[in-house]
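*Asks:* With the sequence up front, the predicted model follows.
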Amino acid sequence: MKILITTIFDYPHEGGLSTHVSTLKKGLEERGHQVDVLSFSNINPLLRKVYAQAPGFIINKVRKGKGQLINDRQRQKLLSSHLDSIKNNYDVINSQDVFAANASIEMGIPTVATVHGYYSFEAISRGALIENSKEDLEVQKIEEKAYQRAAKVVAVDKRISEYIKKKSNVTASIIRNFIDVDAFQPDKINTKSIREKYGIPENVNILFVPRRLTEKNGVKYPSLALPKVLEKHPNTLLMYAGTGEQFEKIQEIIKQNNLSNNVKMLGSVPHEEMMGLYALSDIVLVPSVYSHGVEEATSISALEAMGSGSPVIAGAVGGLKEIFENDVDGILVKEKDVDNLSNAIIRILDDPEFGKKLAINARAKVEREYSHLSAAEKFEQIYTEAIKKNAIK
């Protein structure tokens, strides 16, 4: 099959969607398919700036949300223009967002829409849209249109599939997120070079937060939990890998609690270096929270941590509750509960054997249930169904 993956976002970029695309592409290619990616990064830089980024930025200063919608619409138009010149090269298109879905569907090529989250709610959560504004309602209509017109729809967890059903009366297939398990071999990673590059000292307990610094990811809570952890385990370092609008909030917490010697903000980290950071970590934290109707999907960060041999503490929300069995292959904590989070961290630091047991069980689960080759086979079946459905029309 000749498969085109589309998105109005940059590729590659920081975050789970980009990792999903790369890993799916690898799995499909290993199964013998030709796979290309068309993203906003493929558009001429001048066109990107003049027709999408600059107008969106300026208009957003005048009316919050309107610029965001204009930006996304213009990205869709630019993607459509590029698609029109290459559409006959592909059997099926797999879009990764609703604007790319609508652009792809208009080409007349069978389109499978993968839904990673709640487009409108997530824009509200990160401050890009105002809830119930004209722009918010318009984005919801765009979502509904994409789900209803796509040949097939895929959701990455059960709650997102329920959201799609409620919004558009479309039944989505569920294919949970996945990783290339074989790429995560912590025993073979040269952690010394990672320590040197990022200035990570030896002989410290490392707590790692591999998340975009956005509200729904609950990234401020590890900093709030750290003072209690330091009372019992003073030789502890909290590391963040990611960027986002919560950066200033975390810096404020660090300053208020005199944590500058115990927190390291690494910024955006290349995905290939994340494996080394996972391998260095004593505990990986995925403290997601409910935010403006948004819940964490099947977190790729959590799956990567499970594959890396590090114990994981996660917020008991959304797809994370589907991934972890509490106290068996991870610890689930109540969202936004600082004491619950700090106690869970202390529990693992107090009992490394318990942490090791969690990590071993987690690795086994990922190998069984979250392989990229297994996911690629499922997508392959859905692509075939989409092509057949399109042929009947």
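*Replies:* Here it is on my side, so go on.

*Asks:* Apart from its chain neighbours, what residue comes closest to Arg204?
*Replies:* Residue 204: Val, not Arg. For Val204, ignoring the flanking residues on the chain, the nearest one in space by C-beta to C-beta, 6 or more residues apart in numbering is Leu237 at 4.6 Å. In short, each C-beta sits where N, CA and C put it, glycine included.

*Asks:* what about the one you found, which SS state?
*Replies:* strand (DSSP: H, G, I helix; E, B strand; the rest coil).

*Asks:* dump the residue contacts of it.
*Replies:* Leu237 makes contact with 200-201, 204-207, 262-264 under the criterion C-beta atoms under 8 Å, 6 or more residues apart in numbering.

*Asks:* is it in a bridge, and if so with what?
*Replies:* Ile206 (DSSP bridges).

*Asks:* Against Ala359, how distant is it?
*Replies:* 19 Å (C-beta to C-beta, to the nearest Å).

*Asks:* re the thing from before, can you select the buried ones from the contacts of Leu237 in PyMOL?
*Replies:* Applying 16 or more other C-beta atoms under 10 Å to the contacts of Leu237 leaves a buried subset, and the PyMOL line that selects it is:
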select buried, resi 200+204+205+206+207+262+263+264
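
*Asks:* Of the contacts of Leu237, just say which sits nearest to Lys61.
*Replies:* Lys61 lies nearest to Val263 out of the contacts of Leu237, by C-beta to C-beta, at 32.5 Å.

*Asks:* Hmm, the closest one is touching Thr236, no?
*Replies:* No: counting by C-beta atoms under 8 Å, Val263 stays clear of Thr236, with 9.9 Å between them.

*Asks:* Common neighbours of these two, please.
*Replies:* Leu226.

*Asks:* Just the strands from the stretch 201-350 of the chain, written as ranges.
*Replies:* 205-209, 236-240, 263-265, 283-286, 312-315, 331-333 (DSSP state E, counting those that start in this stretch).

*Asks:* on that earlier part again, could I get the contacts of Leu237 in a markdown table, plus columns for distance to Glu29?
*Replies:* Output for the contacts of Leu237, formatted as a markdown table (distance: C-beta to C-beta, whole Å):
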| residue | distance to Glu29 |
| --- | --- |
| Ile200 | 34 |
| Pro201 | 40 |
| Val204 | 40 |
| Asn205 | 39 |
| Ile206 | 34 |
| Leu207 | 36 |
| Asn262 | 43 |
| Val263 | 40 |
| Lys264 | 36 |
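
*Asks:* and which of the contacts of Leu237 is nearest Ile253?
*Replies:* Val263 (8.7 Å).

*Asks:* give the contact list for the closest one.
*Replies:* Contact analysis of Val263 by C-beta under 8 Å, 6+ apart lists 223, 226, 237-240, 250, 254.

*Asks:* Let me know the closest of those to Ser41.
*Replies:* Tyr240 (25.2 Å).

*Asks:* if we can go back for a sec, looking at the contacts of Val263, which two lie furthest apart in space?
*Replies:* Leu237 and Ile250 (14.6 Å).

*Asks:* any weak-confidence spans in the protein?
*Replies:* 188, 393 (pLDDT under 70).

*Asks:* Show me how the record splits it into domains.
*Replies:* Following automatic domain parsing, one finds the domains of the chain at 2-178+371-392, 181-369.

*Asks:* The first one: end-to-end distance?
*Replies:* For domain 2-178+371-392, the first-to-last residue distance is 20 Å (C-alpha to C-alpha, to the nearest Å).

*Asks:* sorry, back to before: can you put the contacts of Val263 in JSON lines and add distance to Lys25?
*Replies:* As requested, the contacts of Val263 are exported to JSON lines (distance: C-beta to C-beta, whole Å):
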{"residue": "Ser223", "distance to Lys25": "35"}
{"residue": "Leu226", "distance to Lys25": "38"}
{"residue": "Leu237", "distance to Lys25": "35"}
{"residue": "Leu238", "distance to Lys25": "33"}
{"residue": "Met239", "distance to Lys25": "29"}
{"residue": "Tyr240", "distance to Lys25": "28"}
{"residue": "Ile250", "distance to Lys25": "33"}
{"residue": "Ile254", "distance to Lys25": "38"}
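
*Asks:* Go ahead and build a PyMOL selection from the buried members of those.
*Replies:* Selection of buried members from the contacts of Val263 for PyMOL, criterion 16+ other C-beta under 10 Å:
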select buried, resi 223+226+237+238+239+240+250+254
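
*Asks:* Closest to His20 out of the contacts of Val263?
*Replies:* Once C-beta to C-beta is applied, the member of the contacts of Val263 that ends up nearest His20 is Tyr240, at 21.4 Å.

*Asks:* so what's that closest one up against?
*Replies:* 209, 211, 213, 219, 250, 263-266.
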